[in-house]
Each structure stands twice: as C-alpha cells, then as structure tokens.
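**Student:** With the input below, show me the fold.
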Amino acid sequence: MAQKTKAYLALVAVCFLWGTTYLAMRTGVRHMPGLMLAGIRQTVCGVIVVGVFLLRRYPVPDLGMMARLAVVGALLLGAGNGLMSWGEQTVPSGLASVLAALNPMCMALFSLWLIRGTRLSPRALSGLFLGLAGIVFIFYPLLKASGQTGFSFGALLIVLSVLGWSSGSVYAAKQHFELPLLYACGWQFLWGGLILILVSWLSGHTIPLSAVHPESWFSIAYLVVFGSLLGYSAFQYALRHLPTAQVAIYGYVNPLVALLLGWAILHETLSWRLLAGTLVTLAGVYLVQRSYQKVKLSQGLVSWARKYRRGAAGRRPAGS
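**Tutor:** As a prediction, this is how the structure comes out:
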C-alpha cells in the first residue's frame, strides 16, 4: 500500500477514534469519578509506553527535563483530560466535544501571550467572534434552564480543561526534549496520570477498585488502547506524511462523530439548534486556525531568511 494511502487511512482513524473518546469517557464516568478514570487511564498508558522504552535501554531523563515533562503532563493530561472527564459526569458527550473544539482558539490566545511576535489578524478576530457566538447559541438556553446547576459546573470544568490543554500545547511547543517523541509523551502520560490519581484521592473523588463497574473498566481499556496508543500513533503517522493543514481536519470531524454517537448510543439530544451552533462554531475555529497557521508560516520564513542572511554575511569575502 502506498505511503500516502496509509497516511490518509491514519487520518481517518484519528477522526473516528478521537471522536469516540467522548462517548467512552461519558460511559465510564457513569459508574466512577471522572478524575479517577482519567488518572487510571493516563497512568496505565504511561507505564506501558515508558516501560517499553526502558526495556529497550533508553536513559531516564535528567531532573530538569523531567520537571518540564511533568509540567506538560499536568497541563495537557492532568487539567486537559482530567477536567474533561470530570465535566462529562454532567455534560453529554456531544456537547463536551463541541466545547473541546474551541482548543485552536485558546491556543491562538495563549500564543499571543507566550510566543513573541504573534498577532491576530482581522480574519482570526472574526473567527473568535463567530466561534464564541456559536457556543453561546448552543449553551445559553441550557445554562438558563432551571435545575441545571450540575450542568453549568460541568461545562465550566470542560472550558477549564480546554484552557489547560491549549496552554499545555503552547508550552510544549516551546520546549525541546532530546527524547523520541513517543517516549517523551509516555512520561507526560505517566506524570499526568499520577497527578490526577493524587488529586482525586486528596479531593475524595475515588471509589474502591473492587467497586468499579465492568463498563468503566471497558471504557478505560478502550481509552488506553484506541484513544491514546493507537489514536496518538495514527496522529503522528499522519503528521509525518501529510500537510499539517490536512491533518487539522480531525478537529472538525471529532465533534460530529461524538454528536452522532452520543445520539445513537446514549440517546443524547440532537436538535437543529445544536447542529447549527456546532457548524457556526467550527466555521469560527476554521478561520482562527487558518490565520494562525499563516502567521506561524510567515514567522518561520522570516526566521529562515534571517539565518540565511547571517550565514551569507559570514561567507562573504573580505572587502566585498
């Protein structure tokens, strides 16, 4: 099979598999706390990945690198994944996926703060407005409804999870880990999982392992194998062989997959208002993401040009 075909198949797998994780999390947290579920999931995944590399005699990172890996793990997987799982205790999986689609917008905003020289174009600002308008269109009636205190808290947790994921992504992009990518991610999985287990224990969001329902164990197994190991490997393969702009399509497909699965399997509401708001939100995300990619590309070209000029100056003959 041609390499390009394999890459497209990997992208299709990412679009589907990561869309199903919202359903798996929602199913799992019906019988156990979300923080505990996420902690077990990430810890198991981290032990598997790190264990494989250690068996292959890869060195353990030094203290400084380990601290940076722990920060990324705490933001991406602790806050990002843990709060998402907790939020899905009261928010349907489809709605959670729509909120999670705001991640590119949050990444753009954090880039303004953390990456020097980043600017938001008028198109990006229009996208931010459009995306937020879509979210308000979907969630305002739900938040306004009586008896939705738990739903409001869950939605807040998911927004915080998106902030954690996006800030962790921007922070990770600034770091240079002299490790194989999957090995570095394994340590991030492990640190994120251990932090979540500690937080869930300290906050009382735990139940005895003997009391965990088989459905929750199945959800954890599915999330470890298909959400983290296979899904992430497929994502990296697609990134390696396809343009980033093409791979980014998964961010638009995941919410649609989650909405349809939540409706078909968990009987979640799928209204015209939800579909229309989702499409508006994704249109805003598209505008922001396209603008952000152009800014990053232009910054890369400017950086390359500066390096080239410096190099050319160094090679220029004396007196010329």
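
**Student:** just the CA coordinates of the strand or helix carrying Leu190, formatted as PDB?
**Tutor:** Taking DSSP states H and E as the criterion, Leu190 maps to helix 181-202. Backbone C-alpha positions of helix 181-202 (Å, rounded to 0.1, in the frame of the first residue of the first chain) are rendered in PDB as follows:
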ATOM      1  CA  LEU A 181       8.600  11.800  20.700                       C
ATOM      2  CA  LEU A 182       6.600   8.800  21.900                       C
ATOM      3  CA  TYR A 183       9.000   8.400  24.900                       C
ATOM      4  CA  ALA A 184       8.500  12.000  25.900                       C
ATOM      5  CA  CYS A 185       4.700  11.500  25.600                       C
ATOM      6  CA  GLY A 186       5.000   8.400  27.700                       C
ATOM      7  CA  TRP A 187       6.500  10.400  30.600                       C
ATOM      8  CA  GLN A 188       3.800  13.100  30.100                       C
ATOM      9  CA  PHE A 189       1.100  10.400  30.300                       C
ATOM     10  CA  LEU A 190       2.700   9.000  33.500                       C
ATOM     11  CA  TRP A 191       3.100  12.300  35.200                       C
ATOM     12  CA  GLY A 192      -0.400  13.400  34.200                       C
ATOM     13  CA  GLY A 193      -1.900  10.200  35.500                       C
ATOM     14  CA  LEU A 194       0.000  10.200  38.800                       C
ATOM     15  CA  ILE A 195      -1.000  13.800  39.400                       C
ATOM     16  CA  LEU A 196      -4.700  13.000  38.700                       C
ATOM     17  CA  ILE A 197      -4.600  10.000  41.000                       C
ATOM     18  CA  LEU A 198      -3.200  12.100  43.800                       C
ATOM     19  CA  VAL A 199      -5.700  14.900  43.200                       C
ATOM     20  CA  SER A 200      -8.600  12.500  43.100                       C
ATOM     21  CA  TRP A 201      -7.500  10.900  46.300                       C
ATOM     22  CA  LEU A 202      -7.000  14.200  48.100                       C
END
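
**Student:** buried set for the very next helix or strand once past that helix?
**Tutor:** Using DSSP H and E, the helix or strand that follows helix 181-202 in sequence is helix 214-222. Buried residues in helix 214-222, counting neighbours by 16 or more other CB atoms under 10 Å, are found at 216-217, 219-220, 222. The C-beta positions use only the backbone N, C-alpha and C, and glycine is treated the same way.

**Student:** cool, and stretch 153-173?
**Tutor:** Residues 154-155, 157-172 are the ones in stretch 153-173 that count as buried (16+ other CB under 10 Å).
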